[in-house]
Each structure stands twice: as C-alpha cells, then as structure tokens.
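Asks: pasted the sequence and its predicted model underneath.
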Amino acid sequence: MVDRGASALSLPDDWPAHPDPILALNRMGSFDWDLDTGLFHMDAQAHEVFDLRPDEYDGHPETLAVRVPRPEAYRLDGLVSQAMKDGSENYGVYFRIRRRDGTLRWTHTQGYIRRDETGRPRRIIGIVRDATQELAEIEARRDQAAQDEAHRRQTNVVQLTTAALAHARTVQDVIDALKDTHGLIHLGATSLVMGLVEAGRIRLIAEGPAGSFVPGTDVTRIDEPYPMSEVVRTLTPRFIESPEEFAEGYPVLWPHITDLDITSAAYLPLIAQARPIGAVGLLYSDRRGFTPDERNVLVALGSSIAQSLQRAMLYEQEKDLATGLQQAMLPRSIPSVPGAEVAVRYRSGSLGRDIGGDWYDLIPLPGGRVGAVIGDVQGHDTHAAAVMGQLRIVLRAYAAEGHTPATVMARASVFLHELDTDRFATCLYAEADLSTGVLQVVRAGHIDPLVRQADGTCRRVAVEGGLPLGLSAEFGRLEYPVGTIELDPGHTLLLCTDGLVEQPGADLDDGMQTLTAMIKTGPDDVYDLADLLIDVAEERGGDDDVALLLLRRRSMDAPKSGGRLQQHVAPGDPDALSQARHMIRAAVRAWGARERADEIELVADELITNALMHTEGSAVVTLRVLTSTDRRLRVEVEDSSSALPRRRDAGESGVSGRGLLLVDLLTDVWGVEARGGGKCVWCEFAVPEGD
C-alpha cells in the first residue's frame, strides 16, 4: 500500500472514523488512513480479515507486508496511487493475502478518498472483507463466455510468467520468479516443488511450503515411485485430480503429505534439447481436476520453465568456469613480505561468461624490496584473460631481473605491442623498499594510488603517468616518469582497478572521492578493509571486474647497532668529502662489517666521486643497516642529475671508466632509482651478525 510518510500536520479531530456496526455484522472491517502522518488505523474486524492480532500491528501499512505478497502489494499500491492522482473519489480492488497458516485467500477493499479544498488527497476511509466465498460463487456461475475469457487469461499467465523468467539468471532466480509472480497465483497453485536431474538422480531444489519436506526425497533415483521420478522417466506430464488418486498412485509419498491438504497436483517434465533436465510439481489445495485447456496451459508453462532453467544452469556453469579460469590466471598465492601486511581481492563482473583482464601481483625483488602491480587489459573475454596472463608473467620477469620501474613498464609495453593482439592495458607498478618506506611508482594510464595514514586519513596521490601499455610502444612514447611516495609505518598503499571506482552516472573523480571516504571510515585491519571494499563492489554490482591490492607497512625492528647516517657533500669542498669518508669508515667498524670494510669504502668513494664529477650539484651520502631479511649494509648516493650512470671503455692505459665495473664486482646488489628531479645510485653488502 502507498506510504505517504509522516508530516508535521496533526491528526484530524474525527480520526479514526468510527465504523458502522452494520459493517461488523456483515464481517466487514474498516480502516482510516491519514495520508499526512502515514498512520493506517484498522478496527478489530479488519485485523481478523488480515489474520493479524492487535499486538502484531503497529499502525503503519508497511506492517501488512507479512500478509500481502509482494506482487499483490505492488498492484494494490499502483491502483491506489492512480486513483489519488486522477482525482477519483473512490476505488475498489480484489487482492490476495497470505494467512497465518500459509494459505492464500481473496480479499476485497474499497476506499473513499477525502481531499482538501485544493484537491490534495488527505485521508482514505474504507472497508476490507474476505472475498473468498464471493469469488468462489462467481466462479461457479460463469458461463461459456467467461470460460473463454478464463482461457485467454490463462494463456496470458504463460506470457507473464515467461516474461518474468526472462530476467532470471540463476536457478534460484527461476524459483523466485515462479513463487513471486502472478503466474502461480492466478493458476491457483498453493506451492511448487522442483528437482534437477544430476548423474541419473533427481536433486530437490524447491520443496514446497514450509515444513513439507519429505525425509529421503532430497536426492532420489529416477526409478523410485515418486511423481517427479515418473515424469522424468516417461517424459510425460502427470495430472493427479484427487487425494484418492494421489494416495493410490503414490502410496510411499502420500502418507507424508496428507497434512498439507493437497486436493490435486500437476507434475511436469522439464525438457530442454530433447532431454529431461528436471521436473516441477504444482500443488493445489482448493481444486479438483484439470480441464483440457488448463492442461495445455500447464504444459506450455512447463516448456517455458525448462528453457529458463537450462539458461540459468548454463549461466552458472559459465560463471564458475570464468571464475576458475580467472583465478588460474592470477597468482596462486601472495608471498609473505617482511615488514608489511598485504591483502589482495578479486571480484568478477556480473556477466557470468565474461572473463576480465584485471590482475594484481606482488613480486619479491633483490635487496629485500618488493614490487606491487595492479593492471587491467582492455576487454572482457578469454582473449583479454590470455593477454593478461602473458603480460603479468613478463612484467614479473622484468621486475625480478632488477630493472628500474620505468624500464619495467617500457619493456612490458613493447612486449604487449609485439603480441598478435589489438588490446592495450593500463597498469601501475610500485617498487617498495620497506626498510626506508620509499616507493618508486610508475603509472601507465591507470588510476592513481591511494594512501591511508595511521589515523585513517586517506588521500589520492597524483602520479605523473605515461600512455597505457601497448599504446606507448605503438606511438614511440616509452617515457614513464617515476614518482616517489614515502610510506611511513602504519600507512597503507591501496592499488585498484577502475571497477572499484567507476559508478553509473558519476565521473571518475566523484568515484575516487567516494572510495576515499569509504577507506577513511573503514576498519584498521588491512584484511577487513579489503573485505569491506570488495563487498561494497559486490553489492553495487556492475559488469566490470575489480582487482584490489592493499599493502600496509609495519614498524620494522631496529638494527642492533647503528641505524642511519647521512652526509651532504658539496662540490669543491674537500672537508665535506673527508668527513663523508670518515663517516663511512666509522660506520663500517661500528656496524660489524670489518671484513668488508675495504670493499664498502672503495665503492662508496667511487659513487661519491662519480656524483661530483659527472653532475653539477652536490651529493647526499646515506648509510643504513637493513634487517628485514638478512642483515645488509646499504650505501646510497643521491644527486640532482637524471642522467643514468653507464659503463665506459677505459682502454688499455686509461685511469678512469672502471668505476661501475668495480661497483658491479664488489657489491652484492646495486641499482639506480629516480628521486624527484634526480637519481639515487645504491648498493648493498651482506653483513652477517658474526662480522
């Protein structure tokens, strides 16, 4: 029924209207509905009609939903709304209610609409009565013309039910459509049972009214003496026209359903592509027998149900296949990362057979670093998934080889361009050193990352990006600027695909703001937060996939001795250079690296000298002890030049050009990172505890 909502207006002085005693004598209940407050008063007889006790009704029409089936409520609501809109003074309608015992009964209501001087509806006063007997008598007096009209309506039932089933995607959707639409209501069926054929047996998927389950019938053989087994076995409908016929034909089943007051039943085989896929049974408690027209309508209904059921079964199978294939393309497990908590999630789009190109990955890197990847290949099909699988593998390989983030992205773009495909991909790659919290981020047409701070504050981090993978190689624009993010302990990096952000009718910025607000108020635990975000995406639906990666930096254990030392060295300042060398020598001794002291001092001096000779600015020397996995000493030399160091041929008598050769030979691992407008050349030396 229409709920007009409460307002600031007070109830009229004569509310509720007092029913005429003659109404109660005629078993008619009355109601008085104040449209300003939404209160819907019913007298005692109206409570009886709705089979409600006074303590079960709180004066609001929504409470009647327990008795008025949803399809009937929609129809009744529409009729009352139309009467108020078109200026009608009254309305009348028959509808069904579901009584306490589960039976459906016809009811009739008639209302008088009171309006104010402007014509606005303010109040509805009316009656409600049990119309079951009345309609039964009308049914009994129908002539041949009425029977023809009934046949037309029954044919329309098949059309209405077929239309409702057209929107069913899953097997449960088919069951719900049959139970909730006007089809079964107009056919007069009390309930239905349904089973699917699986491996030579029938598995029950809808068991009729509450409490009607018969023990031992959850899974039955096709050769057992049950009506559903019979129609599947013979491919012929079975119409049972009386309780006596039911008891005689199925003595094993009948004793278990005598309490359901079943007077007749129709069991229909569900046949699709010339083979039985299941059976459906319609149970009646207020009729006996079936006319030829009714049998034809039911057979046609069974055919419609079978087609919808087969479509739903194929949908579920394809969805399971798509989910399995997608999961096979994604990493089977995420490695544990010392110093971080990582949560990944994936949700497939709502189109069951579609397989997306979204992916995530976490890549262990040399020196205890880790690479975090999120990406999305264009399209939703098996080709997109295949491209995604190949791209994920090569990007992982390039990163594991120790290439810089920009090089990793550029090589992945060239690889995708050289594949026999017209697809491109967006991607974001973040290389994290969790001992320092420094993240080097490159973006190829992907959405920006988010960072959540320890206090819950969340912000979008703008990262200058390049073209999507594949396109940058095609247009010869392989430059990928590297952005730097500092992730403090307790901060969380969030990478996701656009399926988590984009919403129908809203632009990307609005979606990012909504996501940011959701993360801000979300749980602190990274795994609970990932669950929340993917649940929201699931509830929202949508045809796009969602991939999600959250990385939260934990507080690292402090080194046993020392920690971090830094020295600024300006060009032309011999004292600063001497101090830097002294700092390196002292740190090596203090941190227990005496056995590698000469190697460390030589490499550090070479890196500082190169920075001062080949750049115009100063150098910043940083020494750290890293203890995330094995114990290592890390030397970093930063300068303001973006030019990368390169090996040069020193010649037979040359005295320079061998610097990088020494670095490569003496260190355990080394590399170059972009840092804002400059770069950082770093190297690491394994320093066991015993040194």
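Replies: Sure thing, it's come through.
Asks: show me what the longest helix anywhere in the chain is packed up against.
Replies: Ranked by residue count under DSSP state H, the longest helix found in the chain is helix 292-329. The contact analysis (3 or more Cβ pairs under 8 Å, 6 or more residues apart in numbering; DSSP states H and E) places helix 292-329 against helix 144-165, helix 171-180, helix 182-187, strand 264-272, strand 275-284, helix 382-400. All C-beta atoms are positioned from the backbone trio N, CA, C, and that covers glycine.
Asks: and it, what's buried?
Replies: Residues of helix 292-329 classed as buried: 294, 297-298, 300-313, 315, 319, 322, 326, 329 (neighbour count, 16 or more other Cβ atoms under 10 Å).
Asks: same check, this time on stretch 540-554
Replies: Of the residues in stretch 540-554, Gly542, Asp544, Asp545, Val546, Ala547, Leu548, Leu549, Leu550, Leu551, Arg552, Arg553 count as buried by neighbour count, 16+ other Cβ under 10 Å.
Asks: ditto for stretch 612-621
Replies: The neighbour-count criterion (16+ other Cβ under 10 Å) identifies Leu612, Thr615, Ser618, Ala619, Val620, Val621 as the buried residues of stretch 612-621.
Asks: now stretch 486-504
Replies: For stretch 486-504, the neighbour count (16+ other Cβ under 10 Å) marks 487, 491-502 as buried.
Asks: of those, which is the nearest to Asn90?
Replies: Distance to Asn90 across these (Cβ to Cβ) is lowest for Glu502, with 49.2 Å.
Asks: apart from its chain neighbours, what residue comes closest to that closest one?
Replies: Spatially, and ignoring its direct neighbours in sequence, Glu502 is nearest to Gly511 (5.4 Å; Cβ to Cβ, 6 or more residues apart in numbering).
Asks: the one you found contacts Gly499, correct?
Replies: No. In this structure Gly511 lies outside contact range of Gly499 using Cβ atoms under 8 Å: 10.2 Å.
Asks: circling back to that earlier point, ranking the helices and strands packed on helix 292-329 by mean pLDDT, which is last?
Replies: Mean pLDDT per stretch puts helix 182-187 lowest among the helices and strands packed on helix 292-329, at a mean of 54.
Asks: next one: stretch 462-477 to chain centre, how far?
Replies: Centroid displacement of stretch 462-477 relative to its chain, using Cα atoms, centre = their mean, to the nearest Å, is 30 Å.
Asks: go through it and flag the buried ones.
Replies: Neighbour-count burial for stretch 462-477 flags Val463, Gly465, Gly466, Leu467, Pro468, Leu469, Gly470, Leu471, Ser472, Ala473 (criterion: 16+ other Cβ under 10 Å).
Asks: quick one on the thing from earlier: dump the buried residues of stretch 486-504 to TSV, plus secondary structure, pLDDT and distance to Gly357.
Replies: Converted to TSV, the buried residues of stretch 486-504 look like this (DSSP: H, G, I helix; E, B strand; the rest coil; pLDDT from 0 to 100; distance: Cβ to Cβ, whole Å):
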residue	secondary structure	pLDDT	distance to Gly357
Leu487	coil	86	28
His491	coil	93	29
Thr492	strand	93	26
Leu493	strand	95	22
Leu494	strand	95	20
Leu495	strand	94	16
Cys496	strand	92	14
Thr497	coil	90	9
Asp498	helix	87	12
Gly499	helix	85	11
Leu500	helix	87	15
Val501	coil	86	17
Glu502	coil	78	15
